[in-house]
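Kindly return the folded structure for what I paste below:
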Amino acid sequence: MTTMKRIQYHQYGGPEVMRFEDFEPPRPGPGEVLVRVKAAAANPMDWKIRSGEMKVMTGRKFPRGLGHDFAGVVAAVGDGVTRLGVGDEVLGGASIKAAGAFAEMVVADEKAVVKKPAGLSWEEAAAVPIVGLTAFQAMVSTSKLHTGQAVFVHGCLGGVGRSAVQLALAHGASVGGSCRGTARQEAHDLGVTPIVEFDFDAMKLAGRFDVVFDTAGTLPIKAARALLKPGGRIIDIAPTPAKFV
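A predicted model of the protein is given here:
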């Protein structure tokens with residue numbers, strides 16, 4: 001296969017370990033698709049993996065490609081792929097172990113790729129996978145939201161936060177949230193109310209929410225509990241040992 005370009009690294013570390021180098025894309029295996037990348041998105045997970053924070057999962061085989069979320073056009077399919085075909089415009093995510101979306105081509109599992117809606121640009125489509133799936137799992141799969149419930153999203157204007165707000169509203173819930181003071185109007189336009197800053201007094205909103213979703217990982221557990229109605233649920237995507245305790 002023709003040599004391509006990608007951002008990759010030969011050891012875990014900071015930004016200085018990244019290199020823009022030649023690589024040879026692997027042929028898609030069974031259940032995989034090879035995608036010619038049109039756009040890719042950066043997520044906090046990318047630098048955490050590059051720094052070695054997740055090496056228990058990613059291993060020590062180098063060079064490693066960088067990036068997971070992408071949008072592009074299917075260039076080839078492996079055996080057993082039936083839902084997608086060559087020429088399809090798609091969006092999706094490379095696996096944690098494989099990565100490599102910051103490249104001209106990337107291989108991904110068919111199950112992690114879907115057809116791109118015609119109304120989305122390449123850049124918009126690439127920004128969807130990780131943040132959209134994370135928000136969906138929190139708001140729909142875990143919370144099982146329904147009409148009339150109230151949700152508080154800590155960090156409502158981040159990628160996951162914005163997705164969570166829209167999903168919650170679409171399921172008939174009301175949504176409050178926190179953001180920077182300078183972004184209150186943006187949060188209001190998104191449909192968030194009430195809106196507070198990150199260092200808010202939780203007791204002023206005590207007992208108002210069925211679900212508290214901490215997208216930033218910075219909401220103290222005491223504050224999160226104060227916000228909940230009896231029987232409410234706290235969802236946190238940035239757990240720490242102290243929070244488990």
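
Quick one: mean pLDDT over the top helix by length along the chain.
Assignment by DSSP state H gives helix 159-170 as the longest helix of the chain. Here helix 159-170 scores 96 as its mean pLDDT.

Other residues contacting it?
43, 127, 130-132, 134-136, 138-140, 145, 151, 153-156, 175, 177, 179, 190-192, 211, 213, 215-216, 237 (Cβ atoms under 8 Å, 6 or more residues apart in numbering). (Each C-beta comes from the backbone N, C-alpha and C, glycine too.)

buried sites along it?
For helix 159-170, burial by neighbour count (16 or more other Cβ atoms under 10 Å) applies to 159-169.

Which single one of those is nearest to residue 223?
Comparing those against residue 223 with Cβ to Cβ places residue 161 closest, at 16.6 Å.

Count the neighbours of the residue nearest to residue 32 when sequence neighbours are not counted for me.
Spatial nearest neighbour of residue 32, chain neighbours left out: residue 78 (4.4 Å); criterion: Cβ to Cβ, 6 or more residues apart in numbering. Other residues lying near residue 78 total 16 when counted by other Cβ atoms under 10 Å.

next one: the one 10 residues further on
Neighbour count of residue 88, defined by other Cβ under 10 Å: 17.

circling back to that earlier point, measure how far the longest helix of the chain is from the centre of its chain, please.
Offset of helix 159-170 from its chain centre (Cα atoms, centre = their mean, to the nearest Å): 12 Å.

ok and the following helix or strand past it relative to helix 159-170, angle-wise?
As assigned by DSSP states H and E, the chain's next helix or strand after helix 159-170 is strand 174-178. With axes from the mean of the first three to the mean of the last three Cα atoms, to 10 degrees applied, the angle from strand 174-178 to helix 159-170 works out at 160 degrees.

pLDDT (mean, whole number) over strand 174-178?
98.

same question, stretch 33-43
On average, stretch 33-43 scores 97.

likewise stretch 125-139?
94.

Check stretch 74-82 too.
97.

in that stretch, what counts as buried?
74-78, 81.

one step back: narrow the contacts of helix 159-170 to just the buried residues.
Buried among the contacts of helix 159-170 (16+ other Cβ under 10 Å): 43, 127, 130-132, 134-135, 138-139, 145, 151, 153-156, 175, 177, 179, 190, 192, 211, 213, 215-216, 237.

Distance to residue 196 added to the buried residues of stretch 74-82, as TSV?
Compiled in TSV, the buried residues of stretch 74-82 are given as follows (distance: Cβ to Cβ, whole Å):
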residue	distance to residue 196
74	44
75	47
76	50
77	48
78	49
81	47
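
Out of these, flag the one nearest to residue 102.
Looking across the buried residues of stretch 74-82 and measuring by Cβ to Cβ, the closest to residue 102 is residue 75, at 16.9 Å.

any idea how far residue 37 is from the closest one?
From residue 75 over to residue 37 the distance is 10 Å, taken as Cβ to Cβ, to the nearest Å.

next one: residue 49
18 Å.

any idea of the mean pLDDT for stretch 52-65?
The model assigns stretch 52-65 a mean pLDDT of 90.

Just the terminal-to-terminal distance for it.
Stretch 52-65 has an end-to-end distance of 13 Å (Cα to Cα, to the nearest Å).

What residues does residue 215 make contact with?
Taking Cβ under 8 Å, 6+ apart, one finds 153-156, 158, 160-161, 164, 237-238 in contact with residue 215.

Including distance to residue 93, could the residues you listed go into TSV?
Output for the contacts of residue 215, formatted as TSV (distance: Cβ to Cβ, whole Å):
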residue	distance to residue 93
153	22
154	24
155	21
156	23
158	18
160	14
161	19
164	18
237	16
238	19
